[in-house]
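Asker: Any chance you can model this:
(one chain, ligands or ions: 1)
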Amino acid sequence: MATNRKKLQHFRKMRDTDLNDVMQLELLAYPFPWRRQLFEDSLSKPSYTCWVFEHENEFSGYLISSSAAGEAHILNLCVHPKLQGKGWGRKLLAEAEWIAKQHRADTCFLEVRVSNHAALHLYESSGYNEIGRRKKYYPAKNGREDAVVMAKSLI
Ligand SMILES: CC(C)(COP(=O)(O)OP(=O)(O)OC[C@H]1O[C@@H](n2cnc3c(N)ncnc32)[C@H](O)[C@@H]1OP(=O)(O)O)[C@@H](O)C(=O)NCCC(=O)NCCS
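Answerer: Numbering: from 1, shown residues only. Predicted coordinates:
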């Protein structure tokens, strides 16, 4: 008899007790990861939203965003490498936009490395437009790298 294995997906608020999992994934997913302190600060700010995504009961991703004065900023969006390319990033992004709307944001902003083709493709195909560049914004292997600044109207 075939096993009926239920696939569990779950978005929930990040807790302090998630920070070890968050850091483990952050170090795995980014060449220049955030420091733990940045996540701690994000968790402590009322205008910040910190969510995690679980898949089959495993810690699989997270998003950090902030909302104030009608603007939302997506600050970190991360999917575990073994689950990338399966649509979870797009779902997390939609979740971030839904949360931004709950906070009455009408525009969502983000920044992304010019070399991050996966993220750029995700954002462009989700309706984000380039509105500018920040020169040498990120540390990179050979010096610094530009950030593409993107925005999407949520109205
Ligand atoms: C960027 C990231 C969140 C995307 O999540 P994901 O679950 O892999 O993305 P999805 O599966 O939802 O794919 C979204 C789109 O991006 C495309 N994509 C995924 N990986 C890609 C890659 N390596 N190169 C180009 N396009 C890619 C998919 O094909 C899909 O487009 P489609 O629907 O037109 O086919 C994920 O790769 C990640 O966590 N990367 C490390 C952290 C990071 O860079 N975060 C972004 C910081 S700005």
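Asker: CA atoms for contacts and neighbours, from now on please.
Answerer: Will do.
Asker: Pairing partners for the least confident helix or strand in the chain by mean pLDDT, with directions?
Answerer: Counting by mean pLDDT, DSSP states H and E, the weakest-scoring helix or strand in the chain turns out to be strand 9-13, with a mean of 89. Counting by DSSP bridges, the strands paired with strand 9-13 are strand 48-55 (antiparallel).
Asker: CA atoms only for the partner strand, dumped as CSV, please.
Answerer: In CSV, the C-alpha atoms belonging to strand 48-55 read as follows (Å, rounded to 0.1, in the frame of the first residue of the first chain):
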residue,chain,number,x,y,z
TYR,A,48,10.4,44.6,11.9
THR,A,49,8.7,41.4,10.9
CYS,A,50,10.7,38.2,11.2
TRP,A,51,9.2,35.0,9.9
VAL,A,52,10.4,31.5,9.4
PHE,A,53,9.3,28.8,7.0
GLU,A,54,9.2,25.1,7.9
HIS,A,55,8.9,22.3,5.4
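Asker: Touching it from outside, list them.
Answerer: The contact list for strand 48-55 (C-alpha atoms under 8 Å, 6 or more residues apart in numbering) reads 7-14, 42-43, 59-67, 92.
Asker: is the ligand contacted by that strand?
Answerer: No - applying C-alpha under 6 Å from any ligand atom, one finds strand 48-55 separated from the ligand by no less than 11.3 Å.
Asker: Next, the angle strand 9-13 makes with the helix or strand just after that strand.
Answerer: If you walk from strand 48-55 toward the C-terminus, the next helix or strand you reach (DSSP states H and E) is strand 58-68. Put simply, strand 58-68 runs at 40 degrees to strand 9-13, going by axes from the mean of the first three to the mean of the last three C-alpha atoms, to 10 degrees.
Asker: Understood, closing this out.
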